[in-house]
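Undergrad: Just to be clear, the model below is a prediction. Sequence and coordinates:
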Amino acid sequence: MTTFIAAVRSVLTYLVVSLYLLIAGPIGLGIAIPFKLKGVVYELGHIGVGLALSMAGIRYRVSGREHIPAGRAVVFCSNHESNVDPPVLFQALHRRLHVLFKAELTKLPILGRVMLAGGFVPVERDRREASMVSIDRAAASIQAGNSFLIFPEGTRSRTSELLPFKKGGFIMAIKAQAPIVPVAISGGRDAMRKGSWFVRPVMCRIRIGEPVETAGMSVDDRDEVIEVVRARIEELLRT
């Protein structure tokens, strides 16, 4: 019975959210692009994400908000264990959270254009020169006052252990001289079991740690920064 309820709930969630995207997406793009009001995209995005999480029964608790530097653009750096992590963190961390994302997602109808209109930066991870151009664009966006979210593991970890960290997001933060805020998210793994498209209700826990400053550092310091941020995320996951 539990599986049946999860299936019905998941189908309804997918249908309602898809319908919302089909209606709200073009409206948001029609306002945001010609009038350069990307805030409209974010407001509609938060409504849609909130709707999806509520219907799927995904809840979250946040601790450590006091560690987020006030009035500064930051780079939130989080572990990644579940498909529900990105929408939960988008909803929980910042009202205008920008994201580095896989360039192939730009091919998604409507959603791809919405992400671009919101200032998300696509990265071609298999092409080094192209990816560095994207990193520079993202760094300039941070300097303009936009906060970003990165998942340095690059993909979901199938265990509780962190995967090796990729360097691009840290280079971006250093180039922007922006603080990196470590984030640990847990609890989402049970929402979508391996090989299943059902979404089950879960409670996610988000812990925000003290920021790691990059002011005065150069790209040559990236490995040291990665080591410190990784250690803080691991510590947050243990608490």
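TA: Okay, I see it.
Undergrad: Can you check what pLDDT the model gives residue 146?
TA: On pLDDT, residue 146 comes in at 98.
Undergrad: Identify the residue nearest it in space, chain neighbours excluded?
TA: residue 98 (4.9 Å; C-beta to C-beta, 6 or more residues apart in numbering). In this view, the C-beta of every residue, glycine as well, is placed from N, C-alpha and C.
Undergrad: now swap in residue 164 and tell me
TA: Here the residue nearest residue 164, using C-beta to C-beta, 6+ apart, is residue 153, at 7.3 Å.
Undergrad: residues near that neighbour, how many?
TA: 18 (other C-beta atoms under 10 Å).
Undergrad: tell me the average confidence for stretch 203-217?
TA: Rounded mean pLDDT across stretch 203-217 is 98.
Undergrad: Equivalent analysis for stretch 150-166, please.
TA: Rounded mean pLDDT across stretch 150-166 is 89.
Undergrad: quick one: buried residues of that stretch?
TA: Buried positions in stretch 150-166, judged by neighbour count with 16 or more other C-beta atoms under 10 Å: 150-154, 156-157, 162-163, 165-166.
Undergrad: what pairs with the one helix or strand in the chain whose mean pLDDT sits lowest, and is each one parallel or antiparallel?
TA: None of the helices or strands of the chain scores lower by mean pLDDT, DSSP states H and E than strand 98-102, at a mean of 91. Sheet pairing for strand 98-102, assigned by DSSP bridges, gives strand 121-123 (parallel), strand 148-150 (parallel).
Undergrad: Give me the contacts around it.
TA: 86, 90, 115, 118-123, 125, 134, 138, 141, 146-150, 168-169, 172 (C-beta atoms under 8 Å, 6 or more residues apart in numbering).
Undergrad: List the buried residues for the longest helix seen in the chain?
TA: What stands out as the longest helix in the chain, according to DSSP state H, is helix 2-35. Of the residues in helix 2-35, 6, 9-10, 13, 17, 20-21, 24-25, 28-29, 31-32 count as buried by neighbour count, 16+ other C-beta under 10 Å.
Undergrad: from those, which two are the most distant?
TA: 6 and 31 (36.2 Å; C-beta to C-beta).
Undergrad: which SS state does the spatially most central residue of the chain fall under?
TA: By C-alpha atoms, centre = their mean, the chain has its centre lying nearest to residue 86, at 4.3 Å. Assigned with DSSP: H, G, I helix; E, B strand; the rest coil, residue 86 falls in the helix class.
Undergrad: Contact partners for it?
TA: By C-beta under 8 Å, 6+ apart, the neighbours of residue 86 are 99, 149, 151.
Undergrad: Please identify which of the residues you listed is nearest to residue 183.
TA: residue 149 (8.2 Å).
Undergrad: Nice, that's everything, thank you.
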